[in-house]
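> Output the structure for:
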Amino acid sequence: MTGVRCMLVRGGTSKGAYFLAEDLPADPGSRDDLLMRIMGTPDPRQIDGVGGAQPVTSKVAIVWKASESGHDIDYLFLQLGVEEPTVSDRQTCGNLLAGVGQFAVERGLVPAGEDRTTVRVRLVNTGTIAVSTFATPGGDVDYSGDTAISGVPGTAAPVELDFTETEGSVCGSLLPTGHVRDNVGGIEVSCVDNGMPVVVARAEDLGITGYEDPAELAADTGLAERIDALRVEAGKLMGLGDVRGSSVPKTTLVAAPRDGGAICTRTFIPVKPHPSIGVLGGVSVVTALLLDGAVGQDLLQAPPAGKPVEIEHPSGKLAVGIEFDGSHVRRSTVIRTARKLFDGTVFPRL
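Here you go, the predicted model:
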């Protein structure tokens, strides 16, 4: 059996298998078949692979050295289905991005700085550039530190992720439908793409409070049907075509904050409850709520000027810093952590 060089990394609140492009087949079909056999897809437990039986742990990062100026490396994100034999490149992942720069340094694609290293990463899925800055004391990646993020036990070294020019990176515009607010099947929504296409709606309009835990939400089959119907229709309005079987757009239901944050959220991928919230999904949700007339804006407890917006989610909070002039997002910043879990050879199912 021939194995494949692989690094397993916990990036943010996700976990994924990281590969150099040169270690995988160049043909996308052959590559995707191999990755499904590595992850154990399709199977609800992914028992015969390294996937973790959740969308947030069934992820792949493929990295290679940039051939163009302006950035250091290219990062392709692939979302693998768990029960379904699917591999999607229709979105990117800001959580796995938190480990991409370190992976590039460890694989020798980028030289490490003596104290900290900054890596310019092109997110291949969207064509945008993100800047990742992380600790490399003495020229070696250091994953240890005292930064805690909600949804991850313990602490690790901080990773600063800066995003610019992410508006419309998937759909072509910040407001893909052309409106701040739309009515989809009787539900008021705001559809925004600031790095991740999202459909924002009030939790109460979908028949929940917005404070339920993921297990309770997952048991509500009626809610899953309503979410799916909403996102499929919204996807058409957003120019994404038929999104059945796709993980985008994400749906985020909002409620008033109740734990000192700015807004409370429950997010679905595509209909399974997210244990927290994605990085770029969070950026897009905050952007939506800052738009005058957006659905849920009245629920937002906006922080003082210059302070990050803290999003409450099932595992805690995500702080998103946004420079916004009322119509244009200049820059967004999120602090994440990452940790190398395994580095070696992974063996695919035959």
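
> tell me the pLDDT at Phe163?
pLDDT, Phe163: 93.

> Who does Arg76 form a beta bridge with?
Not Arg; residue 76 is Leu. Ile62 (DSSP bridges).

> Just give me the neighbour total for it.
18 (other Cβ atoms under 10 Å). No exception for glycine: its C-beta is placed from N, CA and C like everyone else's.

> Help me confirm that it comes into contact with Asp89.
Yes - Leu76 lies in contact with Asp89 (Cβ atoms under 8 Å); the separation is 6.7 Å.

> where do the contact lists of the two overlap?
Counting by Cβ atoms under 8 Å, 6 or more residues apart in numbering, the contacts common to Leu76 and Asp89 are 124-125.

> can you give me the helices in the stretch 151-300 of the chain?
Taking DSSP state H, counting those that start in this stretch as the criterion, the stretch 151-300 of the chain contains helices spanning 214-218, 221-237, 279-290.

> wait, which of the ones you listed is closest to Phe19?
helix 279-290 (20.7 Å; Cβ to Cβ).

> That closest one - what's its average pLDDT?
Rounded mean pLDDT across helix 279-290 is 95.

> Please put the alpha-carbon coordinates of the helix or strand hosting Met7 into PDB.
For Met7, the host element (DSSP states H and E) is strand 4-11. As requested, C-alpha coordinates have been extracted for strand 4-11 and formatted as PDB (Å, rounded to 0.1, in the frame of the first residue of the first chain):
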ATOM      1  CA  VAL A   4       0.700   9.900   1.200                       C
ATOM      2  CA  ARG A   5       2.700  12.500   3.100                       C
ATOM      3  CA  CYS A   6       0.200  14.400   5.300                       C
ATOM      4  CA  MET A   7       0.100  16.700   8.300                       C
ATOM      5  CA  LEU A   8      -3.000  16.700  10.500                       C
ATOM      6  CA  VAL A   9      -3.600  20.200  12.000                       C
ATOM      7  CA  ARG A  10      -6.200  21.700  14.200                       C
ATOM      8  CA  GLY A  11      -6.800  25.100  12.700                       C
END
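
> residues in contact with it?
Here strand 4-11 makes contact (Cβ under 8 Å, 6+ apart) with 15-20, 23-24, 34, 38, 50, 61, 93, 95-100, 102-103, 106, 152, 336, 338-348.
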